[in-house]
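Take this sequence and fold it.
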Amino acid sequence: MLPIVVNVVLGMLGLALVLTCIRLLRGPSMADRVVALDLISTLAVGMICVYAISTDQDVYLRDAIVLAVIAFLGTTAFANYLGKGGQP
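Below you'll find the model as predicted:
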């Protein structure tokens, strides 16, 4: 049962990743593109977590945590840039 669920979840995350990449390419503003990049990193964290669960190896969860922190810092830096009057 677990391999079926893992495949379905990875398929759904992959579809979301493709749709987000389309939004990244078509985004009319820089803020839309940054949100799309943040969503791509969140989807990558989800994929890493699903892979860690399917292989029963906890070491991948550390990688997911590091990626999530880096993505959060990047989004926070962009919001700080916009808050100080930067032109997107």
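
where does the chain have low pLDDT?
Scanning the chain for pLDDT under 70 picks out 87-88.

Walking through it, point out its helices one by one.
Listed from the start of the chain, the chain has helices (DSSP state H) covering 2-26, 30-55, 59-83.

helices and strands around the first one, which ones?
With contacts taken as 3 or more C-beta pairs under 8 Å, 6 or more residues apart in numbering; DSSP states H and E, helix 2-26 sits against helix 30-55. Bear in mind the C-beta positions are built from the backbone N, C-alpha and C, glycine included.

picking up where we left off before, export the helices of the chain to CSV and append columns for mean neighbour count.
Output for those, formatted as CSV (neighbours: other C-beta atoms under 10 Å):
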stretch, mean neighbour count
helix 2-26, 13
helix 30-55, 17
helix 59-83, 13
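
Roughly how far does the residue nearest to L2 when sequence neighbours are not counted sit from I4?
Once flanking residues are discounted, L2 sits nearest to S54: 6.9 Å by C-beta to C-beta, 6 or more residues apart in numbering. With distances taken as C-beta to C-beta, to the nearest Å, S54 is found 11 Å from I4.

sorry, back to before: list the contacts of the residue nearest to L2.
For S54, the contacting residues are L2, P3, V6, by C-beta atoms under 8 Å, 6 or more residues apart in numbering.

Okay then, goodbye and thanks.
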